[in-house]
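Participant: curious how this folds, go ahead:
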Amino acid sequence: MDTLKRELLAERVRKVKPSGIRKFFDIINTMPEVISLGVGEPDFVTPEHIRQAGIRSIEQGHTQYTSNYGTLELRQEIAAILQRRYNITYDPKTQLLVTVGVSEGVDLTMRTLVDPGDEVISPDPGYVAYEADIVFAGGIPVPVPTYAKHNFAVRASEIEAAITPRTKLILLGTPNNPTGAVIPREELTAIAQLAIKHDLIVAVDEVYSRLVYDTEFASIVTIPGMQERTVLLDGFSKAYAMTGWRVGYVAAPANIVEAMLKVHQYAIMCAGTAAQEAALEALRNGEADVQMMHDAYDRRRRMFVDGLNRIGLPCCEPHGAFYAFPYIGDTGMTDEEFAEKLLFEEKVAVVPGSSFGAAGVGYVRCAYCTAYDKLEEALVRIERFLKKYK
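Facilitator: Numbering: from 1, shown residues only. Below you'll find the model as predicted:
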């Protein structure tokens, strides 16, 4: 049989590296004794009443497609939550779309709004899917570095310096994965002014917005003039410990949501019915669960970050999400070497900071969404590891 002579894979797919997170996740799965600080997944099980709502949905035979937009009940509840949280009104019939996790929402945003050659500005380090989704849509990622001296919060002045005539969109994640940075309100206001001045769209991933500590959380959508040019992305995975249910949502101007629906309905059809009914229960009756998990993460955060600094890994205070991002550059190892040696020698899994962008070189991401006692043991093992390489 003749070998295919033309390149089989699309160039945009070849340009994207496999996720560095998944590489370590695959290794961890073969090592049950490992303390995993690698994958950003709550160690809490989805609360019982939410699980039961999903079970009831199946038992009652709710196994058909929903509207492409998602169930109207869920969209109405999302609109009510956004009204209470931000004092912003969204029409649940035309301005909200239920997605298969926030990951689909990011992908939809890029495929709907980005033409080939459009530039998309995004903070670096940032979530691994951002750059990939920009490339898959034919866009050009424009990373803007962030720095520990500013707690890794992106600054408007650096975004402004990256704007060109080809810039179409600014993509933000706040709180940030992997650094835990929360963008201060004054910087968001300045970023909003840039978006208005240069006629740009802003997409903001707020999936960690309920997990914020010792600081104010502000959403750019609340700044005057921004609702009509903002795509707000949020979901249930992190705050409600619902990662496997895969439910998120987009809140945006009706014309953008209508365009997104074209991509969504051909690629996905709709989010899972039982998952949507579980999400509805989460919004209606899950506030106490969110607060309980928030407080548990905060307790772990304070202990773990203090511990990293004590054992000699400088780490600025993360104000959101459940990640610490310590500097390991003084060990004489690259972040990849550090992560690999730590995994095989001390059975502690972390993710190299370079997996999240060039500005992550010399750092590692540690997810503190695991049990308190395991975090304490991880610190013992990391300290022992550091002493070996002094």
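Participant: helix or strand with the lowest mean pLDDT in the protein?
Facilitator: Least confident element among the helices and strands of the chain, by mean pLDDT, DSSP states H and E: helix 20-28 (a mean of 67).
Participant: next, count neighbours for the nearest residue to residue 301 once chain neighbours are set aside.
Facilitator: Spatial nearest neighbour of residue 301, chain neighbours left out: residue 368 (5.8 Å); criterion: C-beta to C-beta, 6 or more residues apart in numbering. To be clear about C-beta, it is placed using only N, CA and C from the backbone, and glycine gets the same treatment. When neighbours are counted by other C-beta atoms under 10 Å, residue 368 registers 27.
Participant: ok, residue 364 to residue 93 distance?
Facilitator: 45 Å (C-beta to C-beta, to the nearest Å).
Participant: what separates whichever helix or strand comes after the least confident helix or strand of the chain from the chain centre, distance-wise?
Facilitator: Counting by DSSP states H and E, the element after helix 20-28 in chain order, helix or strand, is strand 35-36. Computed by C-alpha atoms, centre = their mean, to the nearest Å, the chain-centroid distance of strand 35-36 equals 20 Å.
Participant: all strands for this protein, in order.
Facilitator: 35-36, 96-99, 119-124, 140-145, 167-173, 201-205, 230-235, 248-251, 323-324, 348-349, 351-352, 364-367 (DSSP state E).
Participant: now those strands as JSON lines including mean neighbour count?
Facilitator: Shown next, in JSON lines, are those (neighbours: other C-beta atoms under 10 Å):
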{"stretch": "strand 35-36", "mean neighbour count": "22"}
{"stretch": "strand 96-99", "mean neighbour count": "26"}
{"stretch": "strand 119-124", "mean neighbour count": "25"}
{"stretch": "strand 140-145", "mean neighbour count": "18"}
{"stretch": "strand 167-173", "mean neighbour count": "25"}
{"stretch": "strand 201-205", "mean neighbour count": "24"}
{"stretch": "strand 230-235", "mean neighbour count": "26"}
{"stretch": "strand 248-251", "mean neighbour count": "28"}
{"stretch": "strand 323-324", "mean neighbour count": "26"}
{"stretch": "strand 348-349", "mean neighbour count": "22"}
{"stretch": "strand 351-352", "mean neighbour count": "28"}
{"stretch": "strand 364-367", "mean neighbour count": "27"}
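Participant: got those strands as CSV, with distance to residue 152 columns?
Facilitator: Listed next are these as CSV, based on distance: least, C-beta to C-beta, whole Å:
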stretch, distance to residue 152
strand 35-36, 23
strand 96-99, 27
strand 119-124, 8
strand 140-145, 10
strand 167-173, 11
strand 201-205, 15
strand 230-235, 20
strand 248-251, 24
strand 323-324, 10
strand 348-349, 22
strand 351-352, 15
strand 364-367, 11
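Participant: what's the closest of those strands to residue 15?
Facilitator: In terms of C-beta to C-beta, the element of the strands of the chain nearest to residue 15 is strand 140-145, at 10.2 Å.
Participant: how about the helices of the protein, start to end?
Facilitator: 11-14, 20-28, 48-59, 72-86, 101-113, 128-136, 156-162, 185-197, 254-267, 273-285, 287-311, 335-346, 372-388 (DSSP state H).
Participant: buried residues of the last one, list them for me.
Facilitator: Think helix 372-388. Neighbour counts using 16 or more other C-beta atoms under 10 Å place 374, 375, 378, 379, 382, 383, 385, 386 of helix 372-388 among the buried residues.
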